[in-house]
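> The following comprises the amino acid sequence and a computationally predicted model.
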Amino acid sequence: DQQVKQNSPSLSVQEGRISILNCDYTNSMFDYFLWYKKYPAEGPTFLISISSIKDKNEDGRFTVFLNKSAKHLSLHIVPSQPGDSAVYFCAALLRGYTGTASKLTFGTGTRLQVTL
Amino acid sequence: DTGVSQDPRHKITKRGQNVTFRCDPISEHNRLYWYRQTLGQGPEFLTYFQNEAQLEKSRLLSDRFSAERPKGSFSTLEIQRTEQGDSAMYLCASDWGSMNTEAFFGQGTRLTVV
């Protein structure tokens, strides 16, 4: 039972354009969401997060949008750069149940390729 | 601060052998997590420690798996009688127990069971 889903395994975007990565979840009790970025042969690196009480969080070129009614979140990268090419994982937490523990439920990832 | 460190980076073992992995978390972090990632999947939670106490174990952690964090610092994950299905990337992460902090991951140990 995949509680966090990333239905696009890959995405190709031109440098300078917007990259939009999508994530859907099924468990309405999730109350905190994170995006991680992963390069080959490295562990995931935290990118940006959002609490379920918000609908938007922005950090530089990265913005995460949360639509609770649709159980959907998206990561926008503007402008996209070649160094953004990586696998992006969406992850969710049940903070109300686990306290502050980072017992993350991950999606399957989306491979982003930013072309010149 | 050198981040979360895992050793070895790669391990090839024959089916039926025992293997042990080590994780050194970021020094001031009191919580440590183990995840497993198989091909085409995201990382899956296995277990976590707060200081030396193992607080939760996933159903994925069969009785062939055991994890320890003896002094609340580094942790080991042992797999006994390895099976081909154990082949995966084993990731360790750590964080400090407060709100709005994210877990920091190590580079992982890639296990191949032949």
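Received it, and whenever you're ready, just let me know what you need.
> And the next helix or strand past the lowest-mean-pLDDT helix or strand in chain B?
Sorting the helices and strands of chain B by mean pLDDT, DSSP states H and E puts strand B:53-57 at the bottom, at a mean of 91. Counting by DSSP states H and E, the element after strand B:53-57 in chain order, helix or strand, is strand B:65-68.
> that older thread, contacts for the least confident helix or strand of chain B next, please.
Identification of contacts with strand B:53-57 by CB atoms under 8 Å, 6 or more residues apart in numbering or on different chains yields A:98, A:101, A:103, B:46-49, B:67-69. Yep, even glycine has a C-beta here, placed from its N, CA and C like the rest.
> and with 10 Å instead?
Applying CB atoms under 10 Å, 6 or more residues apart in numbering or on different chains, the external contacts of strand B:53-57 come out as A:98-99, A:101, A:103, B:31-34, B:45-50, B:61, B:65-69, B:72, B:75.
> Point out where chain A drops to low pLDDT.
The model of chain A has pLDDT under 70 over residues A:96-100.
> now the helices for it?
A:95-98 (DSSP state H).
> Tell me the residues of it that contact chain B?
Contact residues (CB under 10 Å from any CB of the partner chain) of chain A with chain B: A:2, A:4, A:6, A:9, A:32, A:34, A:36, A:38-39, A:41-49, A:51, A:87, A:89-91, A:93, A:95, A:98-109.
> Give the PyMOL command for selecting the buried subset of those.
A single PyMOL command selects the buried members of the residues of chain A next to chain B (16 or more other CB atoms under 10 Å in any protein chain shown):
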select buried, chain A and resi 4+6+32+34+36+38+43+44+46+47+48+49+87+89+90+91+93+95+101+102+103+104+105+106+107+108+109
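> Chain A: strands as residue ranges?
Here chain A has its strands, by DSSP state E, at A:4-5, A:10-14, A:19-25, A:32-38, A:45-51, A:56-59, A:62-67, A:72-77, A:86-93, A:105-106, A:110-115.
> The nearest residue to residue A:111 once chain neighbours are set aside: what's it in contact with?
Distances taken as CB to CB, 6 or more residues apart in numbering or on different chains put residue A:10 closest to residue A:111, at 4.5 Å, once the chain neighbours are dropped. Listed by CB under 10 Å, 6+ apart, the contact partners of residue A:10 are A:87, A:109-113.
> measure residue A:10 to chain B for me?
For residue A:10, the distance to chain B (CB to the nearest CB, to the nearest Å) stands at 12 Å.
> Repeat that for residue A:40.
Residue A:40 sits 11 Å away from chain B, going by CB to the nearest CB.
> what's near enough to touch that residue?
A:86-87.
> just the one 5 residues further on next, same as before
When contacts are counted by CB under 10 Å, 6+ apart, residue A:45 touches A:35-39, A:86, B:102, B:104-105.
> Can you tell me which of those residues is nearest residue A:27?
The nearest member of these to residue A:27, counting by CB to CB, is residue A:35 at 17.5 Å.
> Could you tell me the end-to-end distance of stretch B:22-42?
Taking CA to CA, to the nearest Å, stretch B:22-42 runs 21 Å from one end to the other.
> List the buried residues in that stretch.
The neighbour-count check on stretch B:22-42 (16+ other CB under 10 Å) flags B:23-26, B:29-37, B:42 as buried.
> Now narrow these to whatever sits close to chain A.
Okay, of the buried residues of stretch B:22-42 touching chain A (CB under 10 Å from any CB), that's B:31, B:33, B:35, B:37, B:42.
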